[in-house]
Structure formats: structure tokens, C-alpha cells
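In: Fold the stuff below for me.
(chains A, B, C and D)
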There are 2 protein chains.
Amino acid sequence: MTTRYGTRPTMKDVAARAGVGLKTVSRVVNGEAGVTSDMTARVQGAIAELGFRRNDSARLLRKGRTASVGLLLEDIADPFSGQLSRAVEAVARAHGSLLFTGSSGEEARREQELALAFCARRVDGLVVVPAGDDHRYLLPELAAGIAAVFVDRPAQLIDADAVLTDNVGGARDGVAHLIRHGHRRIAFLGDLPHIHTAAERLSGYRQAMAAADLPVDEDWVVMAPTDPSVVAASLDRVTGGPAPVTAVLCGNNRITLGVLRRLPSMVRRPALVGFDDLELADLLTPGLTVVAQDPAALGRAAAELLFHRLEGDHAAPRRVVLPARLIPRGSGETAP
Amino acid sequence: MTTRYGTRPTMKDVAARAGVGLKTVSRVVNGEAGVTSDMTARVQGAIAELGFRRNDSARLLRKGRTASVGLLLEDIADPFSGQLSRAVEAVARAHGSLLFTGSSGEEARREQELALAFCARRVDGLVVVPAGDDHRYLLPELAAGIAAVFVDRPAQLIDADAVLTDNVGGARDGVAHLIRHGHRRIAFLGDLPHIHTAAERLSGYRQAMAAADLPVDEDWVVMAPTDPSVVAASLDRVTGGPAPVTAVLCGNNRITLGVLRRLPSMVRRPALVGFDDLELADLLTPGLTVVAQDPAALGRAAAELLFHRLEGDHAAPRRVVLPARLIPRGSGETAP
DNA sequence: CTGAAAGCGCTTACAG
DNA sequence: CTGAAAGCGCTTACAG
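Out: Numbering: from 1, shown residues only, chains lettered A, B, ... in the order given. Okay, here's the model as predicted:
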């Protein structure tokens, strides 16, 4: 190789070396037909000697698409995000696209920064687990042809594709399950109320209680940050006081973790159903009963819808809702 | 906005609309000094009217760097990868870079495909959890100035930066811990032996046994795929037969999961130390004793080293080794 | 079958 | 302070 450090050969260099025109190099590199085997050999020789590799960024600039997709998560380290990412990656790969990934950290501003940075790179499409509550900033990008599919939570203030879990139904099933096992005083520990999934699950909780003609003491509903210490305090509150609950529905996996960590130090442990499954849930004593989402199915459906759009489907925005599944393992089947 | 669907305004369009030169638009967009406020206002007006957003891909082509980094993982859905990714993302973000992400699925060919695809996009650098055992395919890319840092496992057949956990020391500590609690027959269930970390941990196991003058029955060492059924069979084998072990060191988190799932159906449960921590490890009964890596620290160190290189550090390849930490929680402290 | 010219959307280097 | 020309590394459209 004749390359100096930090300098790459271009097609022009290859053409000069092989003594052919630039376009002939392009033809060989792209495997286009209509080049004599003699020419092809000369070009391939020059490519090998120079260590040439086509610059796909330049190529894609000219072609007008980038063969890349931006995936915007809440937190890539969360198991939910990991499963979802793997599914999106698999679909993107099948369509020849690379993946930009970023985490919003549940911050609207960070979400917007990242989404627009992806758009500035001219990704073909966006898969977004939204953190913010106003997605109008994306309108010019959508109008310019960037496809976007929202996952887990819908877009706000714009009409866009969304792939969601049936959060209302899932929470309803979880609470109904506790009621079937004899509980009448049931708490809901949820994430901050402005988060769409948190609000939906709270709504499912209320529906199930109402359907069973059970009153809801508003002290049983805590919508708060998911730090372990906050969750522990909430749990103490709903299980203590004048009207202690005998069962708890946890609004997401982080809240479930906080509750699980607090339980050992409690005298009377409430029955427990968690929203979102956990890796070792079946190995706990008792096993953890959960309302499980299917993050891989969410990711796959979202990515497939996205590529459908990229392939020219311009129908009205679609909303896909996947079911949540109750998995009884013990913690939700104890009597009051 | 006057944009037709699927067509974006360019700086040229903005210049025409504002009645100024292209370079003046560039100056305003990039916040360069030396533009009269009158000009600036006209340009900003045109930008707003047209919904212009600079094409960073075009910009970066001209600039010669892409402000992006490729992160190559084994499996984005693995908790180890998730933690590591978050740390890499945080560092990349601090340096104004976006992240391409991809999973090799422990396949050498897929690793190479992805790494070279990232290079073809001209990422500035690569953070790689390698799957393959021959990384010479990267030599032309490195020579051309793409920086690469390997994490968790070193590069093979090339001399490159690497950030690793002290796998030998960690495994040694885990086995020494079991020996201190009275065990003399200890099994090692590891991943396939060609995987660097698996081999290193096996080596640590042997060192600890040798240091305590304990013989190793080769039937106690199983290096195999990490599917739950394979792990279960291996566990049955080492705890049954003529010389049953009383304790087991698991070579990674997937193997630990397989063992944990098998334990409930066993009559005599061996003492257990797992390599890699698990989210609910402290809530199991007994708590799971582990040799914990720090995936976030690995990711941070790797990314920081990478950007150091990108900022001009051309010193000889470096190898950074981070300690593993034994966390006793119960499963590793039971007597034989 | 082959290649010179123009262009993708920007920035750089240089005049005015 | 402002802008026309050239160029980043490719592909497209068009001649020969």
C-alpha cells in the first residue's frame, strides 16, 4: 500500500493507477455490467494495491439516501431498550441500513437535540421512544420525507405512526388478577403522570377497581420518580397508615425493583404485580407475577412499519397496539 | 414553508431567497463573525421560511471527519452491552459525536462486515467488543487514520488499544473465595474456549486451584455453549458422577442464569459464584455471590482512550486492565 | 465498452 | 463585509 497515514485513496487515485477513467472504476466497484475482463482486472489490481475502500458517505450524498436509521431510546442500558434495539437492528440489517443510536434520558430537550441531529445527518427514518410532550419540531423533517415511527409512547401534538403496548388493558388485567385473589385495597405506584404509559396504566388500574365496584383511596395512588428511595417511601406510605393496602401494582420495572428491594425489611408483605418482566423474576421467592410487555415485538413492528413507509407507503398514520400478557408466578397470588 | 414533499431546501435555495451569496448563508448558519446584522436577519428569515436544516453529511464530507463513532457489540440486548453502550454514548456525546451501533452476535464474519461498513461510512473511530480471532482486516483502515479501541477482549493478530477486565484475577478470586469456605472439589463452567475471556477465566480457575494445592479433575471443567439446556446438562454432570463437586464457578452471566434455573430441581445444591453481576442477584435466596465486572467503567475508559487518539495521541497501543470485584451475597459462602 | 462533464450540499481558499 | 470558484468523493446523464 502506498497510502500515507491519515490519507485514503479515492476512486480518482484508483483510476490514475489503473490508467482508466473514473467511471470505469465506479463500474467495477459497483459490479455493474459492461466492463471487459481486462479492464476489470486492472482496476481490481489498483484497488488492492492502494487499499481502496469506497467512501459510502460520499456515495450516499450523491444518491440522496443514507441507508441509515436513527433509533432514539430512553436509556440504552435499560433491558427494555436493549431488547427493543436488538429487534430494530435485525430489521434494519435486513434492509441494508445502519443504525444511529442515542438515549434521551427521559429529557425532552435531549430527545429533540438527538432527533434533529439524526435528521441533519439525513437518516432515512427515525424510530423514537419519545420523552417529550410536543413533537411539532419534527414536522418540517417529516414534510421533507424523513419517516418516523414512535414506539412505546405515541407522538404528542402531531399525527404519526405509533407502535404501543396495551397499557390500559395490561394494568387492568394485573389489578383484576389481584382482585380475583381476594384483594380489595390495592395501591398503584406509577411513574410521573406526564409520562404517557404511566397515565395509561393508572387508567387501567382505575378501570379494574371500578369494574369490581371497589373504591379507590387517593392515598393509594402515587405517581412519582422511580428512584429506589422514593419508591421505598411510597411503599411504606401505602402499606402503613389508616387504610393499608394488601396488594400493589407497580407501574414499571424500575418501580418493581424499588419495591422488591424494600420488601425484605417489611413485616407484612403485600401481594405484588409488576408491569414489565425482569430477567430473574421466576427465580425469586416467591416468583414475581408480572404484566409483561414484548419489547422485541414492539421494536420489530416499529422497524417494519418504518421500512414500509420508506418503501413508499404514504397511507394515513397507523397505530399498532400489542397486547400485554399476565404471567402469574406467586407474588400476585397470595391472599390478603 | 414552500418545500415540496420529499425535497429539502439547500443553502443555495436559502441564498436565492435571501438574495445573498452562498458563503454568507454558510457564515450565518455556522455563526461565523463578520456578517452585518441586516444580512444576518435576511438569511435567518429565509431559513425560517424554507424550513432549512443544514445537511451535516454533506458538511462532514467536505470537512474530512464525520463526528461519528462505530460501536460494535456482541449483543445490544445483553445487560453488559447496555451498560457499556451507555458509557460510550456519554463520552461520545461530550465530544460532539454520534454513535453507530451494531451487534456481531458473536460471529466473526458479522463483526467484520459491520466494522468495515462503519469504516466505509468513514467513522472517526471504532469501539469494538470483538468476536473474531483475526483483526488484520482492519489494518488498512487503521493505517488510513481510523482509530480503534477494543473492549472486553483484545484484538487478535494486530497490535491495538484494548481495555479489559482482569479476568484471570477475577476468576482466581472467585475460586479462592470458595476454597476459603472449605470447598476442595470445584467446577468451572465456561463459554467456548476460543473466546478470550473464557480462556482467561479458566486460567484463573486453574491458578487458584494450584495455589491451594488442589487437584483439578478435568471432568470438572466444561467449556461449552451457553444455552440453558447445555448448561443444565453440564451442571448435572459435574455435580453427579464419581467425583461430584461441591462448588461451581460460572464463567459468565448466561451460564450463571442457566445454573440458577437448574438449581431448584437439584437435591444437593453446590455453592455458587458467578462471573458478571445480575440485576436481581441480591434478592435471590440465597443472594448470588459474583465476581463483578464494571461494564460502564470499561466503556468509559475505552471511549476516552479513543477520543484521546482522535485528538492526536499516536503513542504505542495501550492496554488498560480494570479489576474485577468479588461481591459475597450468600451463594458462595455455604460450606461443602 | 469507455470516459469527460456536471452535480449531490456543503466548506475552503481566495478575491474584491 | 461579501461572494464566485474550486473541491470533498462519489454517481448520474450523456457522448463517443
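
In: Tell me how many other residues crowd A:Gly31.
Out: Burial of A:Gly31, expressed as a neighbour count using other Cβ atoms under 10 Å in any protein chain shown, amounts to 8. C-betas here are computed from N, CA, C, even on glycine.

In: tell me the phi and psi of it?
Out: The phi and psi values for A:Gly31, taken as degrees, to the nearest 10, are phi 60, psi 30.

In: Which residue does the stretch 1-150 of chain A have closest to DNA strand C?
Out: Here the residue of the stretch 1-150 of chain A nearest DNA strand C is A:Gly21; by Cβ to the nearest atom of the strand that distance is 2.5 Å.

In: As a check, name the ranges of all strands in chain A.
Out: Under the criterion DSSP state E, strands of chain A are mapped to A:68-73, A:98-103, A:125-128, A:147-151, A:161-165, A:186-190, A:221-223, A:247-250, A:271-275, A:289-292, A:319-322, A:325-327.

In: right, and those - which one's nearest A:Asp213?
Out: Ranking these by their distance to A:Asp213 (criterion: Cβ to Cβ) puts strand A:186-190 first, at 13.3 Å.

In: For A:Gly274, which non-adjacent residue is spatially closest?
Out: A:Thr256 (3.5 Å; Cβ to Cβ, 6 or more residues apart in numbering or on different chains).

In: number of nearby residues for the one you found?
Out: In terms of burial, A:Thr256 registers 28 neighbours under the definition other Cβ under 10 Å.

In: State the distance from it to A:Asp227.
Out: Counting by Cβ to Cβ, to the nearest Å, the separation of A:Thr256 from A:Asp227 is 14 Å.

In: before we move on, what about A:Gly287?
Out: Computed with Cβ to Cβ, the distance linking A:Gly287 and A:Asp227 is 26 Å.

In: Repeat that for A:Arg109.
Out: The separation that A:Arg109 has from A:Asp227, given Cβ to Cβ, amounts to 21 Å.

In: Same check on A:Gly241?
Out: Here the distance between A:Gly241 and A:Asp227 works out to 22 Å (Cβ to Cβ).

In: Could I get the full set of helices for chain A?
Out: When secondary structure is read from DSSP state H, chain A shows helices at A:11-18, A:22-29, A:37-50, A:56-63, A:79-94, A:108-120, A:139-143, A:167-180, A:196-211, A:228-239, A:253-262, A:295-310.

In: Tell me where the stretch 101-250 of chain A is predicted with low confidence.
Out: Counting by pLDDT under 70, the stretch 101-250 of chain A contains no low-confidence range.

In: Quick check: closest non-adjacent residue to A:Ala155.
Out: The spatial neighbour of A:Ala155 that comes closest, neighbours along the chain excluded (Cβ to Cβ, 6+ apart), is A:His135 at 4.4 Å.

In: With A:Gly125 instead?
Out: Computed as Cβ to Cβ, 6+ apart, the closest residue to A:Gly125 that is not its neighbour in sequence is A:Ala147, at 3.8 Å.

In: Neighbours of that neighbour, how many?
Out: The local packing of A:Ala147 (other Cβ under 10 Å) involves 23 other residues.

In: Just to check, it is in contact with A:Val123?
Out: No. Applying Cβ atoms under 8 Å as the test, A:Ala147 and A:Val123 come out as separate, 9.2 Å apart.

In: so who does the residue in the stretch 151-300 of chain A that chain B sits nearest to touch?
Out: Chain B sits closest to A:Leu280 of the stretch 151-300 of chain A, with a gap of 4.2 Å, by Cβ to the nearest Cβ. By Cβ atoms under 8 Å, 6 or more residues apart in numbering or on different chains, the contact list for A:Leu280 reads B:Leu257, B:Leu260, B:Leu278, B:Glu279, B:Leu280, B:Ala281, B:Leu283, B:Leu284.

In: if we go to 10 Å?
Out: Listed by Cβ atoms under 10 Å, 6 or more residues apart in numbering or on different chains, the contact partners of A:Leu280 are A:287-288, B:256-257, B:260-261, B:278-281, B:283-284, B:288.

In: Mind giving me the ChimeraX command for buried ones among these?
Out: The buried subset of these, as determined by 16 or more other Cβ atoms under 10 Å in any protein chain shown, is captured in ChimeraX by this line:
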select /A:287,288 /B:256,257,260,261,278,280,281,283,284,288
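
In: Closest one to B:Glu311 out of the contacts of A:Leu280, please.
Out: When these are compared for distance to B:Glu311, the smallest value, 35.8 Å, is given by B:Glu279; criterion: Cβ to Cβ.

In: Who's the closest spatial neighbour of the closest one, skipping the chain neighbours?
Out: Excluding its sequence neighbours, the residue lying closest to B:Glu279 (Cβ to Cβ, 6+ apart) is A:Glu279, at 6.3 Å.

In: how near is the one you found to A:Leu298?
Out: For A:Glu279, the distance to A:Leu298 - Cβ to Cβ - is 18 Å.

In: just checking, A:Val245 touches A:His183?
Out: Yes. Counting by Cβ atoms under 10 Å, A:Val245 touches A:His183, with 7.9 Å between them.

In: Between the two, which is the more surrounded one?
Out: Remark: of A:Val245 and A:His183, A:Val245 carries more neighbours, 25 against 22, as counted by other Cβ under 10 Å.
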